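**Student:** Coordinates only, no sequence provided:
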């Protein structure tokens, strides 16, 4: 059996690696080929091109790489025509993967979307593409599954793939991160170059505010690539350099060791939930991007954990979250999708967890309750079984 993968995000590379491992455990002869990243290659995937190297944000960056995207789509179509893989598995990355799905269906190849794009969150009309070009969607969120079924999609709930990652991420007793002083605040600035450069300067200003009130607090930064780590180190002012340690590819260890975290928005919030870690979510964006998301977004919050914690995640009007609104009490992770300077609010959120142990314990208890309801590992195993059963 031969399965073609198309995976463009670093987080998708992790999910793809777990899925390949599960497929090979069930059927050792299966061939997993296509576009992916280094994690998928490590577990035996034959990666034709590292698509995670083109993980880009916003229209300008996409346009710069547009010719390469179309070249890759053409290469995939030639492969579908000549090799006739038994299935195509897509993981997130919708802007490109719509083209892969459409071309696969042209040759009557079954298409499975594992960790699908969050079309329910904004531009909901894109669900038509999922309905038309996929044979089955493997959903990781209960409300997402219900919404997709209501829209006529073929969908199976398998659980969120990030919980497979956290199940395998155990902190070594001898880890240098574990030896860092406490209290420790984890800083998770993201995996894409643009989001690191947009968000980390804000992280630094928050760290300065926390240091002014709590000089005993230290920080650990989780960099995705070494070039990100080098850029981050060059941004840290001399006064903070003794307090901030930067590590590459050590996100799970930093989350486990930290007292609390400051993170960009993304599926990493599910990892923070799995480790029951009180966290503040930031996503600093340009003013025009804020107005675009305000117009198109159809959910209350941008953080998956917050969406899972509320009874109804959908709404028509999208005010920016502020800690002073009455609805703030329903949020587990204070979140700031903003073009404004929210460093004072973010620092206050983190300092409250650092200074108020009773309040901190309350948030941990709420995270434990939600985790018991949704954080079940085994998504990759369940998805692998369904793919192989449908061959």
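**Tutor:** Received, thanks. In this text the structure is predicted, and so the values were computed from the model without any measurement.
**Student:** For the stretch 51-200 of the chain, give me the ranges with low pLDDT.
**Tutor:** The stretch 51-200 of the chain contains residues with pLDDT under 70 at 55-65, 167-174.
**Student:** State the distance from the residue most central in space within the chain to residue 325.
**Tutor:** Nearest to the geometric centre of the chain sits residue 267, at 2.6 Å (CA atoms, centre = their mean). Separation of residue 267 from residue 325 (CB to CB, to the nearest Å) stands at 25 Å. The C-beta positions use only the backbone N, C-alpha and C, and glycine is treated the same way.
**Student:** same question, residue 379
**Tutor:** Using CB to CB, residue 379 is found at 34 Å from residue 325.
**Student:** Tell me which of the two has more neighbours.
**Tutor:** More crowded of residue 379 and residue 325, by other CB atoms under 10 Å: residue 379, with 26 against 11.
**Student:** I am assuming that one contacts residue 164, so please confirm or correct that.
**Tutor:** Yes: in this structure, residue 379 is within contact of residue 164 by CB atoms under 8 Å, at 5.7 Å.
**Student:** Pull up the overlap in contacts between these two.
**Tutor:** The contact sets of residue 379 and residue 164 overlap at residue 18 (CB atoms under 8 Å, 6 or more residues apart in numbering).
**Student:** sorry, back to before: now do the contacts for the residue nearest to the centre of the chain.
**Tutor:** Applying CB under 8 Å, 6+ apart, the residues near residue 267 are 11, 115, 160, 162, 304.
**Student:** Now intersect these with the helices, please.
**Tutor:** 11, 162, 304 (DSSP state H).
**Student:** Could you pick out the buried ones from the residues you listed?
**Tutor:** Buried members of the ones in helices among the contacts of residue 267, counted by 16 or more other CB atoms under 10 Å: 11, 162, 304.
**Student:** Near the closest residue to the second one other than its chain neighbours, how many other residues are there?
**Tutor:** The one in question is residue 162. With CB to CB, 6 or more residues apart in numbering as the criterion, residue 162 has its nearest non-adjacent residue at 4.0 Å, and that residue is residue 270. Using other CB under 10 Å, residue 270 is surrounded by 24 other residues.
**Student:** before we move on, the earlier item: tell me the backbone dihedrals of the residue nearest to the centre of the chain, please.
**Tutor:** The phi and psi values for residue 267, taken as degrees, to the nearest 10, are phi -70, psi -10.
**Student:** and it, how far is that from residue 388?
**Tutor:** Noted for residue 267: a distance of 25 Å to residue 388, by CB to CB.
**Student:** With residue 301 instead?
**Tutor:** Using CB to CB, one gets 36 Å for the distance from residue 301 to residue 388.
**Student:** of those two, who's got more company?
**Tutor:** In terms of neighbours (other CB under 10 Å), residue 301 is the more surrounded of residue 301 and residue 388; the figures are 26 against 17.
**Student:** That one and residue 335 touch, don't they?
**Tutor:** Yes: using CB under 8 Å, residue 301 is in contact with residue 335, at 5.9 Å.
**Student:** okay, the ones in helices among the contacts of residue 267 in TSV with distance to residue 86 next?
**Tutor:** Listed next are the ones in helices among the contacts of residue 267 as TSV, based on distance: CB to CB, whole Å:
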residue	distance to residue 86
11	26
162	27
304	31
